[in-house]
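*Asks:* just need the structure, nothing else, for what follows:
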Amino acid sequence: MARITYIEHNGTRHEVDVKPGMTVMEGARDNGIPGIDADCGGACACSTCHVYVDPAWSDQIPPKDPMEEDMLDFAWQPDPERSRLTCQIKVTDALDGLVVQMPERQI
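*Replies:* Got it, this is the predicted structure:
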(Lines give C-alpha, C1' and ligand atoms only; values in the text may rest on other atoms or scores of the structure.)
Protein backbone atom coordinates (compact mmCIF):
# COMPACT_ATOMS: atom_id res chain seq x y z
CA MET A 1 0.00 0.00 0.00
CA ALA A 2 1.03 3.57 -0.61
CA ARG A 3 0.02 6.25 1.87
CA ILE A 4 -1.35 9.26 -0.01
CA THR A 5 -2.14 12.58 1.68
CA TYR A 6 -5.00 14.56 0.16
CA ILE A 7 -5.30 18.15 1.38
CA GLU A 8 -8.58 19.97 0.90
CA HIS A 9 -8.49 23.63 -0.13
CA ASN A 10 -9.36 24.59 3.46
CA GLY A 11 -6.30 22.69 4.77
CA THR A 12 -8.07 19.56 6.04
CA ARG A 13 -5.75 16.59 5.56
CA HIS A 14 -6.78 13.03 4.71
CA GLU A 15 -4.12 10.30 4.84
CA VAL A 16 -5.23 7.04 3.25
CA ASP A 17 -3.62 3.83 2.07
CA VAL A 18 -4.12 3.18 -1.64
CA LYS A 19 -3.45 -0.16 -3.28
CA PRO A 20 -0.81 -0.15 -6.04
CA GLY A 21 -2.42 -0.37 -9.46
CA MET A 22 -5.24 1.98 -8.53
CA THR A 23 -5.17 5.64 -9.48
CA VAL A 24 -4.85 8.52 -7.06
CA MET A 25 -8.44 9.44 -8.09
CA GLU A 26 -9.74 5.97 -7.21
CA GLY A 27 -8.03 6.23 -3.83
CA ALA A 28 -9.88 9.49 -3.14
CA ARG A 29 -13.21 8.20 -4.44
CA ASP A 30 -13.04 4.91 -2.54
CA ASN A 31 -12.14 6.69 0.71
CA GLY A 32 -14.77 9.45 0.46
CA ILE A 33 -12.26 12.28 0.11
CA PRO A 34 -14.15 15.50 -0.67
CA GLY A 35 -12.86 17.79 -3.40
CA ILE A 36 -12.23 15.22 -6.12
CA ASP A 37 -15.45 14.81 -8.10
CA ALA A 38 -14.22 12.49 -10.88
CA ASP A 39 -17.33 13.06 -12.99
CA CYS A 40 -16.02 11.00 -15.94
CA GLY A 41 -15.04 8.06 -13.74
CA GLY A 42 -11.38 8.21 -14.68
CA ALA A 43 -11.60 8.37 -18.48
CA CYS A 44 -9.57 11.61 -18.72
CA ALA A 45 -12.64 13.26 -20.26
CA CYS A 46 -13.12 16.03 -17.68
CA SER A 47 -10.98 17.93 -15.22
CA THR A 48 -12.91 17.29 -12.01
CA CYS A 49 -10.13 15.27 -10.40
CA HIS A 50 -7.60 18.09 -10.71
CA VAL A 51 -5.03 18.52 -7.92
CA TYR A 52 -1.77 20.33 -7.27
CA VAL A 53 1.06 17.88 -6.63
CA ASP A 54 3.38 18.84 -3.78
CA PRO A 55 6.57 20.27 -5.33
CA ALA A 56 8.68 17.60 -3.62
CA TRP A 57 6.86 14.98 -5.71
CA SER A 58 6.76 16.73 -9.10
CA ASP A 59 9.75 14.84 -10.48
CA GLN A 60 8.74 11.51 -8.95
CA ILE A 61 5.49 10.95 -10.81
CA PRO A 62 5.24 10.04 -14.49
CA PRO A 63 4.97 13.00 -16.89
CA LYS A 64 1.67 14.19 -18.30
CA ASP A 65 0.60 12.77 -21.63
CA PRO A 66 -0.93 15.05 -24.31
CA MET A 67 -4.52 14.09 -23.44
CA GLU A 68 -4.03 15.09 -19.79
CA GLU A 69 -2.35 18.33 -20.87
CA ASP A 70 -5.41 19.16 -23.01
CA MET A 71 -7.89 18.39 -20.22
CA LEU A 72 -5.96 20.52 -17.72
CA ASP A 73 -6.84 23.54 -19.87
CA PHE A 74 -10.38 23.14 -18.47
CA ALA A 75 -9.33 22.83 -14.82
CA TRP A 76 -9.86 25.50 -12.16
CA GLN A 77 -6.72 27.67 -11.99
CA PRO A 78 -4.25 25.14 -13.39
CA ASP A 79 -0.60 25.49 -12.46
CA PRO A 80 1.73 24.55 -15.34
CA GLU A 81 4.17 22.81 -13.00
CA ARG A 82 2.00 21.25 -10.29
CA SER A 83 -1.43 20.55 -11.81
CA ARG A 84 -2.34 16.94 -12.52
CA LEU A 85 -5.46 14.88 -13.09
CA THR A 86 -5.53 12.20 -10.42
CA CYS A 87 -7.16 9.71 -12.80
CA GLN A 88 -3.88 9.70 -14.72
CA ILE A 89 -1.55 8.95 -11.81
CA LYS A 90 -1.20 5.21 -11.19
CA VAL A 91 -0.27 4.35 -7.64
CA THR A 92 2.94 2.38 -7.10
CA ASP A 93 4.92 1.60 -3.98
CA ALA A 94 7.26 4.43 -5.05
CA LEU A 95 4.42 6.91 -4.47
CA ASP A 96 4.23 6.11 -0.76
CA GLY A 97 4.05 9.53 0.92
CA LEU A 98 2.63 11.42 -2.09
CA VAL A 99 0.92 14.69 -1.14
CA VAL A 100 -1.69 16.38 -3.33
CA GLN A 101 -3.78 19.48 -2.68
CA MET A 102 -7.21 20.11 -4.12
CA PRO A 103 -8.06 23.41 -5.79
CA GLU A 104 -10.71 25.72 -4.40
CA ARG A 105 -13.24 24.06 -6.70
CA GLN A 106 -13.58 21.70 -9.63
CA ILE A 107 -15.21 22.75 -12.89
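*Asks:* check the offset of stretch 86-103 from the chain's centre.
*Replies:* Counting by Cα atoms, centre = their mean, to the nearest Å, stretch 86-103 is centred 6 Å from the centre of its parent chain.
*Asks:* and that stretch, end to end?
*Replies:* This stretch, stretch 86-103, spans 12 Å end to end (Cα to Cα, to the nearest Å).
*Asks:* same check on stretch 40-59?
*Replies:* End to end - Cα to Cα - stretch 40-59 spans 27 Å.
*Asks:* run through who's touching that stretch.
*Replies:* Stretch 40-59 is contacted from outside by 6, 23-26, 28, 36-39, 61, 67-68, 71-72, 74-76, 78-79, 81-88, 95, 98-103, 106-107, using Cβ atoms under 8 Å, 6 or more residues apart in numbering. Heads up, the C-betas are built off the backbone N, CA and C, glycines and all.
*Asks:* show the contacting residues for the residue nearest the centre of the chain.
*Replies:* The centroid of the chain falls nearest to Thr86 when counting by Cα atoms, centre = their mean (3.0 Å). Contacts for Thr86 (Cβ under 8 Å, 6+ apart) come out as Thr23, Val24, Met25, Ala28, Ile36, Ala38, Cys49, His50, Val51, Val100.
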